[in-house]
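[1] Quick one, fold the following:
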Amino acid sequence: MYKNIILAYDGSFESQQALLNCKDLSQWEHAKVNLLSVTPHETISMGHETSYYSEPDNKIEEERRLKILNEGVAQLNTAGIEAAGKLLKGDAVARIVEYANAIGADLIMLGHKHRDNWLERWWAGSIPKALIEHSPCSVLVVITK
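    Model prediction:
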């Protein structure tokens, strides 16, 4: 059924669970899996309220995500699944949707953990909810507790 899957992957426990589920799902139809990691935009200091990332910090984060991405691709390839990785910069939802359109994806998978604290829920926002609203294809959210 699904031939071209995107797995939003950052190496977190939630995305690791999605990766495990992806191994099972992709074998049903011998789909290609595209692991996608999105690093946030670089930010500059504009006062006490804004984070500051220096160029070396951005490079370190990019290298960390690339390493995690390559490890995920290797896991899938070892399991006999055709997989490729892609690292993009920017807003996660916007980049995932753009990439899904560009490659003609028919499924986006991602992990999600329910937050108990209302402040955590408000602060973190909801990438799965936003993806469901903007995605050009089906979205599978793997829930972890």
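[2] Next, the buried residues of stretch 65-76.
    Arg65, Ile68, Leu69, Gly72, Val73, Gln75, Leu76 (16 or more other CB atoms under 10 Å). All C-beta spots, glycine's among them, are computed from the backbone N, C-alpha and C.
[3] Likewise for stretch 7-20?
    Buried, per 16+ other CB under 10 Å, within stretch 7-20: Leu7, Ala8, Tyr9, Asp10, Gly11, Glu14, Ser15, Gln16, Gln17, Ala18, Leu19.
[4] Equivalent analysis for stretch 78-90, please.
    Those would be Ala79, Ile81, Ala83, Gly85, Lys86, Leu87, Leu88, for stretch 78-90 by 16+ other CB under 10 Å.
[5] Give me the contacts around the helix ranked longest in the chain.
    Counting residues, the longest helix found in the chain (DSSP state H) is helix 55-78. Under the criterion CB atoms under 8 Å, 6 or more residues apart in numbering, residues 7, 9-11, 15, 19, 22-23, 26, 33, 35, 37, 39, 42, 53, 82-87, 89 lie in contact with helix 55-78.
[6] Show the subsequent helix or strand relative to that helix.
    strand 83-89 (DSSP states H and E).
[7] Just the mean pLDDT for that next one, thanks.
    Averaging pLDDT along strand 83-89 gives 93.
[8] Parallel or antiparallel, which strands does that strand pair with?
    Next to strand 83-89 in the sheet, as set by DSSP bridges, lie strand 32-39 (parallel).
[9] Now do the strand it pairs with and helix 55-78, the angle between them.
    Relative orientation of strand 32-39 versus helix 55-78 (axes from the mean of the first three to the mean of the last three CA atoms, to 10 degrees): 160 degrees.
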